[in-house]
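In: Let's see this in three dimensions:
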Amino acid sequence: MSTFLLEIVTPERLVYSEQVDSITARGIEGELGILPGHIPMVTPLQIAPIYIHNGKENKRVAIGGGFIEVRKDKVVVLAESAEFPESIDVDRARAAKERAERRLASQSNQDHFDHRRAEIALQKAVNRINVFGK
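Out: Modelled structure (predicted):
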């Protein structure tokens with residue numbers, strides 16, 4: 001079975017770089033299944049997990065938004081943040097979720113920008129908790 005190189009990069013570092021069989025990611029228009037030989041493309045990513053499949057090994061990565069670029073023999077995920085379950089501080093993620101929910105619940109004197117930031121913070125926290133807990 002053929003493979004392709006998957007690189008997951010954040011502004012701080014290279015998070016992952018290995019040959020994989022396939023990945024599943026959530027783009028802005030829905031789920032993407034990427035197999036070797038996939039057509040080249042670039043699309044924004046939602047705040048959601050990426051599932052990495054390599055033989056019988058499956059991994060999850062909490063992605064905090066970004067882009068995916070599919071090339072002929074390589075896939076690059078340019079992510080705002082990327083965390084494997086073992087590196088997630090779930091207590092911190094739960095606290096962030098609670099803070100975001102409180103900010104969303106108290107909409108008094110909150111402009112659209114603050115509201116959107118709270119929504120994004122909530123999505124990121126829930127994504128991290130879900131990736132940690134599965």
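In: what about stretch 57-67, average pLDDT?
Out: Across stretch 57-67, the average pLDDT comes to 94.
In: what's the host helix or strand of Gln123 in contact with?
Out: If you go by DSSP states H and E, Gln123 is part of helix 112-133. Under the criterion C-beta atoms under 8 Å, 6 or more residues apart in numbering, residues 47-49, 60-65, 81, 83, 85, 88, 90, 93-94, 96-97, 99-101, 103-104, 107, 110 lie in contact with helix 112-133. To be clear about C-beta, it is placed using only N, CA and C from the backbone, and glycine gets the same treatment.
In: can you give me the strands in this protein?
Out: Secondary structure of the chain (DSSP state E): strands located at 4-9, 14-20, 22-27, 30-34, 41-54, 57-70, 74-79, 82-83.
In: looking at the ones you listed, which is buried most?
Out: The densest packing among those, expressed as mean neighbour count by mean count of other C-beta atoms under 10 Å, is seen in strand 82-83 with a mean of 22.
In: next one: that one to chain centre, how far?
Out: Centroid separation for strand 82-83 versus its chain: 7 Å, with C-alpha atoms, centre = their mean, to the nearest Å.
In: buried set for the helix holding Gln123?
Out: Along helix 112-133, the positions that meet the burial threshold by neighbour count (16 or more other C-beta atoms under 10 Å) are 118, 121-132.
In: then stretch 123-134 to CSV, C-alphas only?
Out: The C-alpha trace of stretch 123-134 is given here as CSV (Å, rounded to 0.1, in the frame of the first residue of the first chain):
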residue,chain,number,x,y,z
GLN,A,123,-14.8,25.5,19.9
LYS,A,124,-11.0,25.1,20.6
ALA,A,125,-11.6,24.0,24.2
VAL,A,126,-14.3,21.5,23.2
ASN,A,127,-12.1,20.1,20.5
ARG,A,128,-9.2,19.6,22.9
ILE,A,129,-11.4,18.0,25.5
ASN,A,130,-12.9,15.6,22.8
VAL,A,131,-9.5,14.6,21.4
PHE,A,132,-8.2,14.0,25.0
GLY,A,133,-11.2,12.0,26.0
LYS,A,134,-11.5,9.6,23.0
